[in-house]
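Student: Sequence and predicted structure are below.
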Amino acid sequence: MADSIALPARAEPRAISLSTIPWYLWASVIGVTSAMIGVHWDISWHRSIGRDTFWTPPHIAIYLCGVIAGIWSAYLILATTFGRLPAVRASSVRMWGFHGPLGAFVTAWGGVAMLVSAPFDDWWHNAYGLDVKILSPPHMVLAAGILAIEIGALMLVLGYMNRAHGDERLRLSWLYLYLGSMIVVVLQILTMEHTSHVQQHTAWFYISVAIAVPTSLIGVAIASDRRWSATIVASVYMLFTASLIWILPLFPAEPKLGPVLNPVSQFIPPDFPLLLIVPAIAIDLLRPRLGGWNRWLQAGALGSVFFVVFLAAQWAFANFLMTPAAANAFFGTMYRDYGNPSDSFEALSMFMRPESNFWTLMGIGWLVAIVTSRIGVGWGDWMRTVQR
């Protein structure tokens, strides 16, 4: 096992022109995008139609990500190992006798996990019945695979970006920030059951966001040399999610499972995206002032700014989402699942009641934001060093 992962002793890796590797960088982006569209589409399918068969179009879009990831990562590893890509081998790692970029190995694991989750998910539904839970065991295996593919793709781009200069580095940085935003998207999907607009005056909503967001948002921003990197990541997340609100309801859908408590005639989109762009701007303004601080002090400052600014922005915006002005095709608060009854919080436009220990839980949320920011600071500093 000592030989399972080892950096080969060789000369410093050379910068490799993007033109020599046009397809597998773009294949990673296409695969990740397919997964994120497919997952949101699948959730909408469950909310609008129900689970009718495994072979639905969104399922195909999701697992296409695993297939694409498997193809490009296997090609990179095998071609590098057998000498077809000598330039890539000069900047590769060795694992179990194979050579390739570190991101390719991470992606290969993610692709296998995704494909394993498919029969597991089908068996789970056949054994335990139909459900729409996001955090079921097979869904967690799927989510782990998708996240591994996204991180692997991010690391692959990082290896090239950290060896590039000038215009080449600029082009790669856009791919890097886009992949970073997709990590934010998938983590928001995992917390979706705790972040609906009716929950946004509860402490658990802010704890969920503090768990899911700072690590990826801050880590990706720190590893980038772009001034507004966190803002770009948050903007792509918001535009991607908002576009689903504007596009999905354009297509007809009809429930196939009962009970139907709310008539539905089109696909139900996700909630309006969280206002992550507001704390992202604050983070980008603060980061240059933290040079020379140790990592825990950086995490304390960044985590506190994220939590306080997000609380102020989202709390006020949640109030707006409860008004008739938000019940339109742009903000989408009038869309409800076919299983959502007429006396639900969503139907009545009412917030869920805050917890009795609200302020204690909010204090915990603030501490969680600092801890996840610390992980993000460490991860971002490490990503700056990725060359292989």
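Tutor: Arrived safely.
Student: Quick check: which element contains residue 39?
Tutor: Assigned by DSSP states H and E, residue 39 belongs to helix 22-48.
Student: next structured bit after that helix?
Tutor: Heading C-terminal from helix 22-48 (DSSP H and E), you reach helix 57-81.
Student: quick one, that following helix and helix 22-48 angle?
Tutor: Orientation note: helix 57-81 sits at an angle of 160 degrees relative to helix 22-48 (axes from the mean of the first three to the mean of the last three CA atoms, to 10 degrees).
Student: What residues sit buried inside helix 57-81?
Tutor: For helix 57-81, burial by neighbour count (16 or more other CB atoms under 10 Å) applies to 58-59, 61-66, 68-70, 72-73, 75-77, 79-81. In short, each C-beta sits where N, CA and C put it, glycine included.
Student: just stretch 111-120 next, same as before
Tutor: Applying a neighbour-count criterion of 16+ other CB under 10 Å, one finds 111-115, 117-118 buried in stretch 111-120.
Student: Nearest to residue 36 among those?
Tutor: Checking the buried residues of stretch 111-120 against residue 36 by CB to CB gives residue 114 as the nearest, at 13.0 Å.
Student: For the helix holding residue 39, give the mean pLDDT please.
Tutor: Helix 22-48 comes out with an average pLDDT of 84.
Student: ditto for stretch 142-157
Tutor: 87.
Student: then that stretch to CSV, C-alphas only?
Tutor: C-alpha atoms of stretch 142-157 as CSV (Å, rounded to 0.1, in the frame of the first residue of the first chain):
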residue,chain,number,x,y,z
LEU,A,142,-24.8,9.3,-6.1
ALA,A,143,-24.0,12.7,-4.6
ALA,A,144,-20.6,11.5,-3.4
GLY,A,145,-19.9,10.4,-6.9
ILE,A,146,-21.0,13.7,-8.5
LEU,A,147,-19.0,15.7,-5.9
ALA,A,148,-15.9,13.6,-6.6
ILE,A,149,-16.3,14.1,-10.3
GLU,A,150,-16.6,17.9,-9.8
ILE,A,151,-13.6,18.0,-7.4
GLY,A,152,-11.6,15.8,-9.8
ALA,A,153,-12.4,18.1,-12.8
LEU,A,154,-11.6,21.1,-10.7
MET,A,155,-8.2,19.6,-9.8
LEU,A,156,-7.5,18.7,-13.4
VAL,A,157,-8.1,22.3,-14.5
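Student: Return the distance of that stretch from the chain's centre.
Tutor: For stretch 142-157, the distance from its own C-alpha centre to the chain's C-alpha centre is 9 Å (CA atoms, centre = their mean, to the nearest Å).
Student: cool, and stretch 259-269?
Tutor: For stretch 259-269 - counting by CA atoms, centre = their mean - the centre lies 27 Å from the chain centre.
Student: what about it, start to end distance?
Tutor: Distance across stretch 259-269, first residue to last, is 20 Å (CA to CA, to the nearest Å).
Student: which residues touch that stretch?
Tutor: Stretch 259-269 has contacts (CB atoms under 8 Å, 6 or more residues apart in numbering) with 41, 44-45, 47-48, 244-255, 332, 335-342, 347.
Student: Out of these, name the ones that lie in helices.
Tutor: Cross-referencing those against helices under DSSP state H gives 41, 44-45, 47-48, 244-247, 347.
Student: before we move on, back to that, with pLDDT and distance to residue 137 added, can I get the buried residues of stretch 111-120 in JSON lines?
Tutor: Shown next, in JSON lines, are these (pLDDT from 0 to 100; distance: CB to CB, whole Å):
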{"residue": "111", "pLDDT": "82", "distance to residue 137": "19"}
{"residue": "112", "pLDDT": "83", "distance to residue 137": "17"}
{"residue": "113", "pLDDT": "85", "distance to residue 137": "13"}
{"residue": "114", "pLDDT": "80", "distance to residue 137": "14"}
{"residue": "115", "pLDDT": "80", "distance to residue 137": "16"}
{"residue": "117", "pLDDT": "79", "distance to residue 137": "9"}
{"residue": "118", "pLDDT": "72", "distance to residue 137": "13"}
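Student: from those residues, which is closest to residue 174?
Tutor: Residue 174 has its nearest neighbour among the buried residues of stretch 111-120 in residue 111, at 24.2 Å by CB to CB.
Student: Using CSV, lay out the ones in helices among the contacts of stretch 259-269 together with neighbour count.
Tutor: Below are these laid out as CSV (neighbours: other CB atoms under 10 Å):
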residue, neighbour count
41, 21
44, 23
45, 22
47, 23
48, 24
244, 20
245, 20
246, 12
247, 13
347, 15
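Student: Poorly predicted segments of the stretch 51-200 of the chain, please.
Tutor: The stretch 51-200 of the chain contains residues with pLDDT under 70 at 51-54, 87, 89-91, 123, 125-135.
Student: Try it again at 80.
Tutor: 51-55, 83-93, 95, 97, 100, 117-139, 163-168 (pLDDT under 80).
Student: re the thing from before, can you pull the buried residues of the helix holding residue 39?
Tutor: So, applying 16+ other CB under 10 Å, buried residues of helix 22-48: 24-25, 27-29, 31-48.
Student: Thanks a lot, catch you later.
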